[in-house]
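> I would like to see how this sequence folds:
(chains A and B)
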Amino acid sequence: MHIVKINIFIGILFYIFIGCSSSNEKKEYELLYWSSNNSQEIEFAKIVISQWNEMHPEAKVQYQPVPEGQSSEEIILAAVVGETTPDVYSNMWQGDVEIYAESGSLVAFDTLDGFNEFIYDRCDTSVMIENTSLDNHIYQIPWKINPILMIYNKNHIKNLGLDHAPSTYDEFFDAAEKFKKDKDGDGYIDQWFGYSEVLVTWWQRFFDFYPLYLAASSGQPLIKNNKADFDNEYAVNVFKFLRELYKQKYFPQERLATREDPFLSGTIVTRFTGPWEISHAEKYKPDGFEYGFQHIPVPANSKGPIYTYGDPKNIVIFNTCKKPNLAFQFAKFLTSKKNDFQLLKLTSQYPRRKDLLTDSLFVKYFEKNPELRVFAEQAKYVRGTDASSVLKEVFDIISQEYEACVIYGTKTPEEAIKDAAFAVNLLNL
Amino acid sequence: MKTRKITPYLLVAPYILHFVIFVAFPVIFSIVLTFHKWNIISPMKFSGLDNYIRLFNDTLFLKSIMNTFVFLIIHIPLQIFVALILAEILNQKIFMRGFFRAAFFMPVVVSGVVVTMLWQQMFAFDTGLLNRVLTTIGLDKVGWLVDPDIAMSSIAVMATWKNVGLYVILFLVGLQTVPPHYYEAADLEGANRFQKFFYITLPMIKPTMFMVIILSTIGGFSLFIEPYIMTGGGPLNSTISAVLYIYKQGFFYYHMGYASTLGLFFALIILIVIVIQKKFIEREK
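Take a look at the predicted model:
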């Protein structure tokens, strides 16, 4: 009798489980689209989806923001492993694409009809070279960027007697020397010219070393033909520049993350950051606080153009998609001029398209919003990341050497760059 | 009769199932992984002994193990010393004893992340409370988390503050098992406070002491949250613990095969340390 009860109980559990599973099955195949889960992009995605579904009642798209997690990268990884990926995902960091391409998790766009005409209409050849994988296929549509520039406190720059923010290393040093101060007289500097996180976390280098390297080298890659390509004068000069900032205490050697915003409180004058800083500054800046953006500082002999890191997020189609051609049509719709404009307006993120400064729709918008134009001007000169499945390790190695040389001065810039390049070449690139 | 034969199996089935799925399978799978390269999303590739060869050439892993031992060497004696003193005080009939017992235990139940962030602010070079106190009394500031020679000690101090309450309770239990007439006899013999502590209390709480050492050792080997949040393993890798390094290999770089190899090797080290401790304890008994 007891066993019978247990069997009934297990049976009930089984049917509940089966019932739950079957309720999730789709009756008709509809594309599933995931976007980033910040509120502005959710708003943008909802508008785009409703327009698409209205125009294509026979091929509706289901929408959901990427599920909450520690990071969207982790969620995507979990989805790939569990084969629960959406058909289309629009927040794929360019640096992650290679690892998924290598594993066969993505659909190659260049195998789909009409892709080449579409993409070269949208992007320059240089952008597409950057977005081509090691197997010579293209697995991503360059969608949006957030160029890293130097934000500066206009009031402080004016008070230092300068008519513009420093744009070369030497100007930077001069201004920094004038500004650094021990305000409370305790023998320690407590007012610095700039700040960058001193943590060795690999992606922190997207906000100091990498944009400075791209600026100094006019956009040269870190990795070329599967080998380190940064053992050069540009990287050494960037390390020398950064080392000087810490050695002379123009930048603090400690983390300032646990206190009030050092930029808005006037403790620092500059910071390397992206356009997201605008909404933050507008919300929290004190009365009379004025700020501006400028390109990343370069050596005095730099001929330009001055590049920076663009933090690109792209559109991919996962191989779980049963209708890749339809997914591509949807991706095209998502990146149409009208929707790119909508993206810019709603999210202040910049579509990665070559007509950003020439098309009248965008030109008029930047005339009305001049504070955003500086990023649009920079958008032509941004780089993403190089195609490599060990990109995080590469940046981690650079970060370790950065800490040893730049922060603590235990290695010379030449040694640090050489050691980093040597270690990167050992990664079986 | 048949029912009787099946019933015991049914009763142990949930545990066996749990053991197989969550213990046996992961352990066996991770051993298999040590002979493979696997980044979770691509198929596993057999790599022979490559992961083991890499391990013995990985100076950073060696450093992470050394760091973990440095942490243990600072943390365990400090923890025992502080816990024992507090337990001794809290075992006396002092004012608001119940309150203090609860207060010292409170950090144990607070989230490790919260405690770590709190101490991060206290340790801050420029604005931290500790350095403000030091400069107020005319001393130099200390780079609690930015000086490679000091950072691990700072973490050990913080970990001690977080966990000491648990060991205070354990020592309190131990102290209360010491028969009072031992102390009465010692008083009659004219023993002073220190003699009573060293000749009666310490020998009597030896079992508790051993338990505290073993628990602290196991806890110390799993050092992760503190360096992960406070320092990221820096400065100059001076606070990267073995577990943090294994985590980075596994979940930053998705080197699952290599992370498993490191995990297995580290488990062997822990086993050796625990066996040595056990031998020592048995000899002492």
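> Tell me where the model's unsure across the stretch 151-285 of chain B.
The stretch 151-285 of chain B contains residues with pLDDT under 70 at B:285.
> Disregarding residues adjacent in the polypeptide, which is nearest to the residue of the stretch 51-200 of chain B found nearest chain A?
Residue nearest to chain A within the stretch 51-200 of chain B: B:Phe125 (4.0 Å; Cβ to the nearest Cβ). Where you see a C-beta, it was placed from the backbone N, CA and C, and this is true even at glycine. Distances taken as Cβ to Cβ, 6 or more residues apart in numbering or on different chains place A:Glu254 nearest to B:Phe125, at 4.0 Å, with adjacent residues excluded.
> which residues in the stretch 1-150 of chain B form strands?
With strands called from DSSP state E, counting those that start in this stretch, the stretch 1-150 of chain B shows them at B:36-37, B:45-46.
> contacting residues around whatever residue of the stretch 101-250 of chain A ends up closest to chain B?
Shortest the stretch 101-250 of chain A-to-chain B distance, computed as Cβ to the nearest Cβ: residue-wise this is A:Ser103, at 4.0 Å. By Cβ atoms under 8 Å, 6 or more residues apart in numbering or on different chains, A:Ser103 lies in contact with A:80, B:39, B:41-42.
> can I get those residues in JSON lines with neighbour count?
Output for these, formatted as JSON lines (neighbours: other Cβ atoms under 10 Å in any protein chain shown):
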{"residue": "A:Val80", "neighbour count": "20"}
{"residue": "B:Asn39", "neighbour count": "19"}
{"residue": "B:Ile41", "neighbour count": "16"}
{"residue": "B:Ser42", "neighbour count": "16"}
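> Kindly report the residues of chain B close to chain A.
Residues of chain B lying near chain A by Cβ under 8 Å from any Cβ of the partner chain: B:3, B:6-7, B:10, B:39-42, B:117, B:120-121, B:124-127, B:135, B:141, B:143, B:145-146, B:148, B:231-237, B:252-254.
> For PyMOL, write a command that selects the buried ones of the residues you listed.
Only the buried entries of the residues of chain B next to chain A go into this PyMOL selection, using 16 or more other Cβ atoms under 10 Å in any protein chain shown:
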select buried, chain B and resi 39+40+41+42+120+124+125+126+141+143+145+146+148+231+232+233+234+235+236+237+253+254
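> Of the residues of chain B next to chain A, which belong to helices?
Of the residues of chain B next to chain A, the ones assigned to helices by DSSP state H are B:3, B:6-7, B:10, B:117, B:120-121, B:135.
> from the residues you listed, which is closest to A:Leu162?
Taking Cβ to Cβ as the measure, A:Leu162 lies nearest B:Thr135 of those, at 32.5 Å.
> That closest one and A:Asp182 touch, don't they?
No: using Cβ atoms under 8 Å as the test, B:Thr135 is too far from A:Asp182 to be in contact (11.8 Å).
> pLDDT on stretch A:208-221, on average?
For stretch A:208-221, mean pLDDT rounds to 96.
> so does it get close to chain B?
No: judged by Cβ under 8 Å from any Cβ, stretch A:208-221 makes no contact with chain B; its nearest approach is 14.9 Å.
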